[in-house]
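>>> got a predicted structure plus its sequence, pasted below:
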Amino acid sequence: SLRPQPLMLPLRWSAFFVMVNVSMAAMLFLDRMPPTLTEEEKEMHIVYFAPLTHKQFKALIDLGERITYPNGTFLTRADEPCRKLYFILSGKADMTNSNGRHTSKLQKGNFPNCMSFQRIGWESSKR
C-alpha cells in the first residue's frame, strides 16, 4: 500500500541528483562541441599548429593578443629571458646575436624568441 504522505526528503535528494546529472551532461555536450574559429584562425591552425586539437588551438589563441610593432622594435635581447612568446603572423624579424651581428631572418609562421621564452626563471648557476 502507498504512503498517504510521500517522503519529501528522498524526493528532494532525487531531484537534486537529477539536476546535477543534467548539468554534467550539458557540460560534457558543450565540451565536445568544436570551437568556432575564423577563416584566418582555421588556416593558421592547419599550417602552423596542426598537432594541436581545435580546442587546444582556440585556448592558445584566446591567451594571446595581436600586436603590430613598428619596424626596428626589439622583441627580445640575446641571452636574456623573455616573458612573452611572439609568433609572426605577417612581416619579418631580423635575428642578431649579442654582438649585433645578423644571424637570420624569420618570416610568417616563426617564433623569434622561443629560446628566450623557455629560459624564464633559469638561474645562471643551473645552466
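Done, it's in.

>>> number of nearby residues for Met27?
10 (other CB atoms under 10 Å). Every C-beta, even on glycine, is put in place using the N, C-alpha and C of the backbone.

>>> quick one: secondary structure of it?
At Met27 the chain is in helix, as set by DSSP: H, G, I helix; E, B strand; the rest coil.

>>> what sits against it?
Not one residue lies near Met27 by CB atoms under 8 Å, 6 or more residues apart in numbering.

>>> and it, how far from Val18?
15 Å (CB to CB, to the nearest Å).

>>> pLDDT wise, what is the residue nearest the centre of the chain at?
Nearest residue to the geometric centre of the chain (CA atoms, centre = their mean): Leu60, 1.6 Å. As predicted, Leu60 sits at a pLDDT of 89.

>>> quick check, it in contact with Tyr48.
No. Applying CB atoms under 8 Å, one finds Leu60 not in contact with Tyr48, separated by 10.7 Å.

>>> remind me which helix or strand the residue nearest to the centre of the chain belongs to.
Taking DSSP states H and E as the criterion, Leu60 maps to helix 54-63.

>>> what packs against that helix?
helix 39-48 (3 or more CB pairs under 8 Å, 6 or more residues apart in numbering; DSSP states H and E).

>>> may I have the helix it packs on exported as CSV, CA atoms only?
The C-alpha coordinates for helix 39-48 follow below in CSV (Å, rounded to 0.1, in the frame of the first residue of the first chain):
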residue,chain,number,x,y,z
GLU,A,39,38.9,31.6,-41.5
GLU,A,40,42.3,33.1,-40.7
GLU,A,41,42.5,31.0,-37.5
LYS,A,42,41.5,27.8,-39.4
GLU,A,43,44.3,28.4,-41.9
MET,A,44,46.8,29.2,-39.1
HIS,A,45,45.8,26.0,-37.3
ILE,A,46,46.2,23.8,-40.4
VAL,A,47,49.5,25.4,-41.5
TYR,A,48,51.4,26.0,-38.2
